[in-house]
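*Asks:* Model the structure of this input:
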Amino acid sequence: VAVAAGINKVRITGGEPFLFKGISTVLETLNDIGCYTHVNSNGSCLKRHESLLRNLGSNIHFAISLDSTDRENFDTISKTTGYYDATMDGINLIASLGRLLRLNMVVTRYNYHEIDSMIEFCRSKGCNLKLLDVVSVPLPFGDRQDLHVSFREVEERLAAVADRIEFHEYARAFGTPCRIYHVDGVAVTVKSTWNGSRYDLDGICKG
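*Replies:* This next block holds a predicted model:
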């Protein structure tokens, strides 16, 4: 019904969508319709759905959350143990299928130093990177100020090494101005809440 009404892009988010018991039916249906589908996942459950993923068409793509490529830091940030290998297996699977659009990294004081290595990791997987700042921290995981890192310095560092910089027009259209820094073949999108909403960074609200 949605496609007939003109909707041609679907995004599946969560929580983790691959914990939903009906995810196979959802993805197979969207696959059969041919609707472009973007799936956000933490990657930890993908390997167990390998047969499903291998049978999906080219209209299904993935963005996978990864805040660190270091096992110990991964556990510290996620406050879990035992999920690092499963997440990496999921990333490797999706990358091998040519469906990995990007990795999403929430930048905090715990992983700020890993931005450069994350860009290199994305390059090795043939995908792009999206950096997000801390918007809020749910209790009991601490306060925002204990984790938040200013993206002004992050963007200055990226600007110094970028081949070119562009605006993310799609994101700006629905309210969040983002810049895309192209760094040696990896498009690094920076989504910063400091940029606010619904204005042009180079327009009347510049500065």
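*Asks:* Where does the prediction get shaky in the chain?
*Replies:* 137-141, 171-175, 194-207 (pLDDT under 70).
*Asks:* what are the ranges of the helices in it?
*Replies:* Here the chain has its helices, by DSSP state H, at 23-33, 50-54, 71-78, 84-96, 115-125, 144-147, 151-161, 169-173.
*Asks:* any chance of these in a markdown table, plus mean neighbour count and distance to K191?
*Replies:* Every C-beta, even on glycine, is put in place using the N, C-alpha and C of the backbone. Listed next are those as a markdown table, based on neighbours: other C-beta atoms under 10 Å; distance: least, C-beta to C-beta, whole Å:
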| stretch | mean neighbour count | distance to K191 |
| --- | --- | --- |
| helix 23-33 | 15 | 25 |
| helix 50-54 | 13 | 27 |
| helix 71-78 | 15 | 18 |
| helix 84-96 | 19 | 20 |
| helix 115-125 | 17 | 14 |
| helix 144-147 | 12 | 16 |
| helix 151-161 | 14 | 9 |
| helix 169-173 | 12 | 7 |
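*Asks:* Please render these as TSV that adds distance to G15 to the earlier fields.
*Replies:* Output for these, formatted as TSV (distance: least, C-beta to C-beta, whole Å):
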stretch	distance to G15
helix 23-33	11
helix 50-54	18
helix 71-78	14
helix 84-96	15
helix 115-125	23
helix 144-147	21
helix 151-161	26
helix 169-173	22
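*Asks:* Looking at the ones you listed, spot the one closest to A63.
*Replies:* Taking C-beta to C-beta, helix 84-96 is the member of those nearest to A63, at 9.7 Å.
*Asks:* Hmm, R109 and N73 touching each other?
*Replies:* No: using C-beta atoms under 8 Å, N73 makes no contact with R109, being 11.5 Å away.
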